[in-house]
Each structure stands twice: as C-alpha cells, then as structure tokens.
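[1] have a look at this fold, sequence not included:
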C-alpha cells in the first residue's frame, strides 16, 4: 500500500467516524430533548447527516480552488457564500423530501417544518467547519511539502558546496610529483614506474569517492602513505613520517580525503623553507565516540613563510561543519617550532 493510499484510507475513516458520532449525538438530542420517538429521531439524524456527509465531500473541491493566498478576499468570500447557500438549500430540500417519503406521521412532519430555521443555521455551521478543516489540512500538507522541498534544496546546496570544496584540493602535489617522476625516468626508471602506479592509485581514489562518503581511517592512511611516498621522491630523507595510532581507531570513519590537505599543508609550510629534516607525525586516539587526530610537523621559524591562502584548512573546516553541523572540529596551534592540527571526528 502506497503512502497516498494509506493517507486516503485514514482520512476517509476519520471522516466517516466523525459523521457517525454526530449522527448518534443528534439522534439522542432529538429523542430526549425534542421528544421524538426513537425511529423518527434515528431516521431524521441519519438522513440529514448522511446527505451532508456526501455533499461535504464536494466542499473539498470548492476549498481547493478557492485558495485565499491566490484569490482576492472579496472573490473568496463571494465564492464561499454562494456555494454555501446553494449547498445548504440542496441539502434541506432533498433531506426533507426523503423524510416526508419515509415518515407519514403528522407530529413528526410538523416538527420537520418548524425546524427549518435551525437546520439552515446548522447547515451553514457544518459548511464552515468542514471548510475550515479542509483548509487546515491543505495548509498543513503545503507546509510539509515546503519543508520537504527546503530540505531537498539544502541537501543540494550542501552537495554542491562539498563538491566545490573537494574540487579545490591543492593540485600542486600532482604537478610536483609528475616533475619528480619525470626526472626519475632517466636516473631510475623502475622507481619512476613505481611512483606512477602510486600516483594513479591515489588519483583513482580521489576521483571515485563521493564527497559525502566516509572511509575508515585505515583506508585513508593507506592513501596518505602513497602521497607521502610520492613526496619522498622529491625530498628524500628530509621528510620523515611517523604514526602513533591506537588499534581501535583503524576501523573508525572520517570523511574521505580529509587528511590529505593537512599533510599538504605540513609539507608546504614545513619542508620547503627548512634546511633540516622535517617529521610529520600523526596521532590517533579514540575518546568515547570521537576519533581524535593530531597531525604535527616541525618547521624552521626563521625560514621565509610560504605564501598561501589557507584553502586546505578552510576546506576542512567547511566540510566538517557541513557534514557534522559543528564549526569547531578543526583547531590549529603553533608552539615554538611545531605546528599542530587537531581533528575531532564524531562517530554518531
């Protein structure tokens, strides 16, 4: 059963039960307050309420095509005034006709004739109440549709932003790696082929993963190590890589390609202007349901700082904020000659 079918059956059941309840209540009032015999009270209540229940279904279409937000107030009022008057007159006419055919009791017929005024007023109230319920239902449905549409739009915007952020990943390492591999083709062709394989694997991983995907820390580290291997072709022993990772961290999830900009940042600002070797260290700990990652690198404080706009760090902050709805999941710190970036990755 589809959602629409289920909703239709549910609304139909509520509508039917409401009219049954009204019919029972009215029959009791006619019997005990107006003194009608049981048969007359039940017949009267059933005929009048059943007929209005049928006519009331048509009010849905009247309400649907008289949207106050799209119709001038005067037109809206006049449409409902004429519709209400016409529907109530039709209701009274046919209900009276049916009851006069069913019941040929002078006492009841006098009661029927004398009840025209309050029945007419009750018909107007029925119409107004049903119209109000329909409008509430329509506005609620429209509100839910609006929420769904806004949610879908936000998801599309989020997807576009994440895609944009991913596409901004600094490509310099690719060009630098290709230059290094090019020089190796003469001095060490075997090493050059090995580096090309690592580069192709790294780029394949970057391209095949969706910006909303998450990978295990273990998978991310495998690709980081490919990246480090490529950079070591250029920097040799000047670049050292150290990791301290608790065993229970490897299976924990984090957004794919979230670590690479941090390593790019460490190499760019740590190695380029340093005369000594630089150690990039990654530390991973699990604290409750949060994966905590520290990436540290030493640098030469006296060296000329590399120019840059910090796009890598900005991208990480934006991605984490979009994915986890928290703006404080990346912090950085500089102490003496050490730069540290700390990531907090919720697992819930």
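    That came in fine, so what should we check first? Everything numeric here is computed off the predicted structure, so don't read it as measured data.

[2] what residue is smack in the middle of the protein?
    Centroid-nearest residue in the chain: residue 151, 4.4 Å away (criterion: CA atoms, centre = their mean).

[3] now do the strands in the stretch 201-348 of the chain.
    Secondary structure of the stretch 201-348 of the chain, counting by DSSP state E, counting those that start in this stretch: strands at 214-216, 239-245, 253-255, 278-287, 290-298, 330-335, 338-346.

[4] who does the second one pair with, and is each partner parallel or antiparallel?
    Taking DSSP bridges as the criterion, strand 239-245 sits next to strand 278-287 (parallel) in its sheet.

[5] ok and the strand it pairs with relative to strand 290-298, angle-wise?
    160 degrees (axes from the mean of the first three to the mean of the last three CA atoms, to 10 degrees).

[6] can you give me how far strand 278-287 is from the chain middle?
    34 Å (CA atoms, centre = their mean, to the nearest Å).

[7] can you give me the mean pLDDT across that strand?
    On average, the pLDDT along strand 278-287 is 94.

[8] thinking again about what came up before, so the residue nearest to the centre of the chain is in which element?
    Per DSSP states H and E, residue 151 falls inside helix 116-167.

[9] now swap in residue 26 and tell me
    Per DSSP H and E: helix 3-32 holds residue 26.

[10] give me the angle between that helix and helix 116-167.
    Using the same axes, to 10 degrees: helix 3-32 against helix 116-167 is 160 degrees.

[11] residue 343: neighbour count?
    21 (other CB atoms under 10 Å). C-betas here are computed from N, CA, C, even on glycine.

[12] oh sorry, the question was meant for residue 227
    Neighbours of residue 227 (other CB under 10 Å): 21.

[13] that one contacts residue 266, doesn't it?
    No - applying CB atoms under 8 Å as the test, residue 227 and residue 266 come out as separate, 11.1 Å apart.

[14] can you list the domain ranges for the protein.
    3-154, 168-346 (automatic domain parsing).

[15] quick revisit: I'd like to know how far the residue nearest to the centre of the chain sits from residue 214.
    21 Å (CB to CB, to the nearest Å).

[16] now residue 78
    With CB to CB as the criterion, residue 78 and residue 214 are 59 Å apart.

[17] and what of residue 331?
    Separation of residue 331 from residue 214 (CB to CB): 21 Å.

[18] between these two, which one's more packed in?
    Between residue 331 and residue 214, residue 214 has the larger neighbour count (other CB under 10 Å), namely 17 against 11.

[19] pull the contacting residues for that one.
    Counting by CB atoms under 8 Å, 6 or more residues apart in numbering, residue 214 touches 253, 254, 255, 256.
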